[in-house]
Each structure stands twice: as C-alpha cells, then as structure tokens.
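*Asks:* Pasted the sequence and its predicted model underneath.
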Amino acid sequence: MAEEGVKLLGFWASPYALRVHWALKLKGVEYEYLEEDLMSGKKSSLLLQSNPIYKKIPVLVHNGNPVAESLVILEYIDETWKQNPLFPEDPYERAQLRFWAKFADEKCFPAVIKTFSSEGEELEKNVKEAREYLKILDGAVGDRKDNQIDFLDVALAVVGHWANITGEIIGMKLVDEEETPSLVTLFEDVLEAAPFLKECTPEKSRIPVELAGGAGDKVRPADGAGDMSRQPRVDAVSVEDVAASREQPEILLAVVELVQTHGAF
C-alpha cells in the first residue's frame, strides 16, 4: 500500500522517471505510480497542474506538493526519507556527485539524443561528440570505489543504458567495454546489487516507438497502471526492428519528439 500522499507521475520507458522509481524503492517508500499517456500527447490534468512550467514528467507529489525534475526529486527524496542515504555526509563529496549528475544531463543525454535525428557526416560528428562526453563521464564512475548504491549510481546508470540502446538503433556504438567500461556495466551492476529494482525497470528489448506516425491510442496504461510490474500495452518494436527501419525517419523523430516535448527520455 502506498505511503499516504506519495505519487509519481511518469512514463514507463523514461529513464528520468526510472531514476525516481529506483530512489523510492531503495528508500523503501511505498507510492502510487500514475502512468502518463505521452505517446498520444494527452497529458493528465494532474501533470499540467503539478508542473505548469515545463509540463514534463517525472513529477513527485508528496502530501499535495509537487516536485519536478528528476535530479531535484532525488535530492528531495533523500532529504525527506533519511533511511538508506543516497548522499554521503561530506559536503565536498556531495558537491562532486551533483556536478557529475548535472554533467550527464546537460552534456551526455543531449549528445546521445542528437544522434537520433542525424545522418551521414552529421551523424558521425554527433556520435564522436557523444562518445567524448560519455568517456569523460565514465571516468567519474570508474574512479569511485564504494559499492553502495548512491545518488550518482541512480543518476548515471540510465545514461549508459540508453546510450547502449541508442547505439544499437543507429548502428554505431556510443559506449563499449574499451573506452567506457564502467558505463557499460553500471546499469546491470545496480540491478544485481538490488534485484528488487527489476520490478520497476522496463525490458531493454522494448522501446516506446510506434511503427507509423501518430501515436493515437496505441499506448494505454494496463489495468492497474499504478503497478509498474504490469507494463502498459504498447505497439512497440524491438531495438533490432528499429535499427532495421532507420530509413523511416518518423520512427526516430518520434523518440526526439518524446524528449523535447515530454521529457520522456
């Protein structure tokens, strides 16, 4: 049963929302999950009321008070529920974690997303840029020695995971075991250290991209959508299918649209 007054508005395939799922699970906080039907472009009134500035997910609503932006939400969760802290006590170490999480969101994620909507020489340029940023980020992950899951693990694991998926879609690796070994394994390392997180983690092999333009009613929350163990019904395609369909730009642009308009990825 959800703790009184704790709700999470998200989208099932969003790495930003997944950060919040993981943080709440690690803290042992029970919450109600509310799936947003982003593929149809229909945002709930609660989302629009809770995040009127950006109108994007994820949003955590605690006792009626909304908190937006995934990294801000993670800090709020850690400060509100003291058990299983995500941040160290040392102020300098906390500042370092915030720096690298911000670097990931401001440099790495945008660079990865740029590769979706480019081709030819522009694609090669964008892939090179993404790899450079991800290599820098990998150094921050690799330098850490503490095996306890913390704020940076939660923030960065999804970056490496989606860089891996993106590379498979565009047919060019963004992360690999030679240049970014820590990012390649971080996602699975977290799931191995905390297996209970798998219940709110979507399968890698499915991505929320419809085969033809116009999402319409193709994505609907499953019955009891508040339970992440029951995924929404999605007319999606596998990573391999999308990679084989790269000449259909509407498929890839749909992903970009989700990012720019809804903050889904």
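*Replies:* That came through fine. Since the model is a prediction, treat every value here as computed from it, not as a measurement.

*Asks:* Could I get the full set of helices for the stretch 101-250 of the chain?
*Replies:* 109-114, 120-142, 151-170, 181-193, 239-244, 249-257 (DSSP state H, counting those that start in this stretch).

*Asks:* can you pull the contacts of residue 51?
*Replies:* With contacts taken as C-beta atoms under 8 Å, 6 or more residues apart in numbering, residue 51 has the following neighbours: 57, 59, 66, 68. No exception for glycine: its C-beta is placed from N, CA and C like everyone else's.

*Asks:* where are the low-confidence patches of the stretch 101-250 of the chain?
*Replies:* Across the stretch 101-250 of the chain, the ranges flagged by pLDDT under 70 are 143-147, 205-250.

*Asks:* ok, residues contacting stretch 148-160?
*Replies:* Contact partners of stretch 148-160, identified using C-beta under 8 Å, 6+ apart, comprise 15-16, 18-19, 22-23, 26, 70-71, 74-75, 78, 85-88, 97, 100-101, 104-105, 108-109, 112, 134, 137, 140-141, 144, 175, 180, 182-184, 186-187, 189-190, 193-194.

*Asks:* what about the residue located most distally from the centre of the chain, distance to residue 170?
*Replies:* Going by C-alpha atoms, centre = their mean, the residue of the chain most distant from its centre is residue 121, 28.0 Å out. Using C-beta to C-beta, to the nearest Å, we find residue 121 at a distance of 14 Å from residue 170.

*Asks:* Same question for residue 115.
*Replies:* Counting by C-beta to C-beta, the gap from residue 115 to residue 170 is 5 Å.

*Asks:* Looking at these two now, which is surrounded by more residues?
*Replies:* Under the neighbour definition other C-beta atoms under 10 Å, residue 115 and residue 170 were set side by side, and residue 115 has more, 26 against 22.

*Asks:* Overlap of the contact sets of residue 115 and residue 170?
*Replies:* 123, 127.

*Asks:* Buried residues, stretch 173-183. List them.
*Replies:* Within stretch 173-183, the residues that count as buried by 16 or more other C-beta atoms under 10 Å are 173-175, 180, 182-183.

*Asks:* Distance check, residue 40 against residue 9.
*Replies:* 15 Å.

*Asks:* higher neighbour count, the two?
*Replies:* Taking other C-beta under 10 Å, residue 40 and residue 9 do not tie; residue 9 has more neighbours (25 against 14).

*Asks:* Quick check: phi and psi on the more buried one?
*Replies:* Here is the backbone geometry of residue 9 (degrees, to the nearest 10): phi -100, psi 120.

*Asks:* Tell me how this protein divides into domains.
*Replies:* Using automatic domain parsing, the domain parsing of the chain gives 6-84+212-231, 91-195+237-255.

*Asks:* in this structure, which spans are strands?
*Replies:* Using DSSP state E, the strands found in the chain span residues 6-10, 32-35, 59-62, 65-68, 206-207, 219-220, 233-234, 237-238.

*Asks:* I'd say residue 29 and residue 6 touch.
*Replies:* Yes. The criterion here is C-beta atoms under 8 Å, and residue 29 meets it with residue 6 at 6.2 Å.

*Asks:* Can you name the residues that contact residue 19?
*Replies:* Going by C-beta under 8 Å, 6+ apart, the list of residues near residue 19 reads 58, 70-71, 73-74, 154-155, 158.

*Asks:* I'd like the residues you listed written out as JSON lines, with distance to residue 126 and neighbour count added.
*Replies:* Shown next, in JSON lines, are the contacts of residue 19 (distance: C-beta to C-beta, whole Å; neighbours: other C-beta atoms under 10 Å):
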{"residue": "58", "distance to residue 126": "26", "neighbour count": "26"}
{"residue": "70", "distance to residue 126": "24", "neighbour count": "27"}
{"residue": "71", "distance to residue 126": "24", "neighbour count": "18"}
{"residue": "73", "distance to residue 126": "29", "neighbour count": "23"}
{"residue": "74", "distance to residue 126": "28", "neighbour count": "25"}
{"residue": "154", "distance to residue 126": "27", "neighbour count": "26"}
{"residue": "155", "distance to residue 126": "23", "neighbour count": "25"}
{"residue": "158", "distance to residue 126": "20", "neighbour count": "24"}
